[in-house]
Structures are given as structure tokens and as C-alpha cells.
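**Q** Any chance you can model this:
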Amino acid sequence: MKGFKVVASGIILLGLMVCAPKANAENLPNTELKPQIEKLPVESTPNFTQSPNNNSNAKAYLDQGFELLDKEDYRGAIKAFSQLISLSPDNPYGYFGRGLAYFSTKEYQAAKADFDASINLDSSIAYNYLFRGMSNYALGSKDLAIADLQVAANLFEKEGKTDLAQQSLDAIKRIRNA
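**A** Numbering: from 1, shown residues only. Down below sits the predicted model:
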């Protein structure tokens with residue numbers, strides 16, 4: 001396993017509903033949730049199914065995508081992860097990375113679709129559930145957000161990341177009280 005430094009946007013926004021019956025990410029107060037995605041475990045060549053040359057190209061797009069996320073170049077990251085997905089459509093980290101980029105640009109529906117795809121390929125990546133939960137909440141789906149955040153909390157706890165598990169549980173409480 002090799003770690004990649006991933007920074008979604010430094011501070012990830014988890015919107016909490018004020019008084020609207022449906023969550024509107026543009027009008028919600030900002031709540032800081034720093035998931036500390038410092039070293040996301042990503043296999044050095046995860047699920048690359050093409051020829052060895054395509055494997056190195058796909059890995060290059062994976063590395064480039066995470067570097068662009070770190071630099072907050074979300075459009076560039078979307079392009080890099082899209083290239084990775086075209087070369088290796090069964091790589092969950094391509095969808096996860098692109099989902100992070102869409103989430104960072106507040107394109108929550110696209111982010112949710114990519115987190116869905118990544119979860120379908122690998123249901124053990126806790127960050128997928130964390131960010132899909134926040135995307136669901138931004139889209140107005142409190143129940144789906146709570147369900148995803150609970151799964152994230154359980155996975156983080158299993159991985160020994162108790163601080164992230166607690167942040168996920170705290171987010172659930174805020175959503176329930178909104």
C-alpha cells in the first residue's frame with residue numbers, strides 16, 4: 001500500500017440546514033470537518049486491467065489527479081481522474097478522486113454519482129461514505145446522509161481512526177437536530 005496526500009479543499013464543508021425544508025448547500029452555515037485525508041491508502045496499481053503500458057499511464061493519471069487535488073486545481077483533477085477511469089474503469093480510486101473534485105466544486109450530484117461508483121467497486125473505503133453522506137445532505141437527503149455517515153463512522157472505527165469516526169457521529173447529531 002502506498003499513501004497519497006489528498007486534500008479535498010483544506011476545509012471540507014458540511015452544510016447544516018437552518019430553516020429550509022430542503023437543504024440548500026449555498027445557503028447553509030459552514031461547519032468545518034477536517035477529515036485529515038493525509039495518507040489515503042491507495043494500492044500502487046489498483047485494479048489496472050489493461051496492458052503494462054496502460055497500467056503506467058493509469059497510475060500516472062492517478063498520481064496527477066491527487067496532486068491536482070492537493071493544489072486545489074479541481075477542474076484539472078477531474079480531467080486526470082476521467083482519463084484514469086477511461087483507461088481503468090474498475091479502479092475505485094479514480095471515481096473517488098473525481099468525486100472529491102466534484103464535491104470541492106459543489107457539484108454534489110456528480111460527486112454522489114462518483115462516490116456511488118467507487119462504493120460499487122470497493123465498499124471498504126470509509127471516505128466514500130463520508131463524502132457521499134455530505135453530498136446527500138447538500139442535496140437535501142437527510143436520511144441517506146445519516147445512513148452514509150453511520151457507515152463511515154463504523155468503517156473509521158474499524159480502521160482505528162476514532163477521531164474521524166467521532167466527527168462522522170457528530171455530523172449525524174447535527175443533521176438530526178437541524
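
**Q** Just give me the longest helix of the chain.
**A** helix 52-70 (DSSP state H).

**Q** could you say what helices and strands the following helix or strand past that helix packs with?
**A** Later in the chain than helix 52-70, the nearest helix or strand by DSSP states H and E is helix 74-87. In terms of contacts (3 or more C-beta pairs under 8 Å, 6 or more residues apart in numbering; DSSP states H and E), helix 74-87 is packed against helix 52-70, helix 92-104. The C-beta positions use only the backbone N, C-alpha and C, and glycine is treated the same way.

**Q** The longest one: which residues count as buried?
**A** Neighbour-count burial for helix 52-70, counted by 16 or more other C-beta atoms under 10 Å, picks out Asn57, Ala58, Lys59, Tyr61, Leu62, Asp63, Gln64, Gly65, Phe66, Glu67, Leu68, Leu69.

**Q** quick one: low-confidence parts of the protein?
**A** For the chain, residues meeting the criterion pLDDT under 70 lie at 1-54.

**Q** Helices of that one, start to end?
**A** 52-70, 74-87, 92-104, 108-121, 126-138, 142-158, 162-177.

**Q** before we move on, the earlier item: now the longest helix of the chain and helix 92-104, what's the angle there?
**A** 30 degrees (axes from the mean of the first three to the mean of the last three C-alpha atoms, to 10 degrees).

**Q** Helix 52-70 packs against which elements?
**A** Secondary elements touching helix 52-70 (3+ C-beta pairs under 8 Å, 6+ apart): strand 2-4, helix 74-87, helix 92-104.

**Q** contacting residues around the second one?
**A** Read it as helix 74-87. 48, 50, 54, 57-58, 61-62, 64-66, 68-69, 91, 93-95, 97-98, 100-102, 104-105 (C-beta atoms under 8 Å, 6 or more residues apart in numbering).

**Q** rerun that using 7 Å as the cut-off
**A** 50, 54, 57-58, 61-62, 64-65, 68-69, 91, 94-95, 97-98, 101-102, 104-105 (C-beta atoms under 7 Å, 6 or more residues apart in numbering).

**Q** Can you tell me how far Glu107 is from Leu149?
**A** 20 Å (C-beta to C-beta, to the nearest Å).

**Q** Tell me which of these two has more neighbours.
**A** For Glu107 and Leu149, the more surrounded residue by other C-beta atoms under 10 Å is Leu149, and the numbers stand at 27 against 17.

**Q** who are the neighbours in contact with the more buried one?
**A** Leu130, Gly133, Ser168, Ala171, Ile172.

**Q** Spit out the contact partners of the last one.
**A** Spelled out, that is Ile172. So Ile172 contacts Ile146, Leu149, Gln150 (C-beta under 7 Å, 6+ apart).
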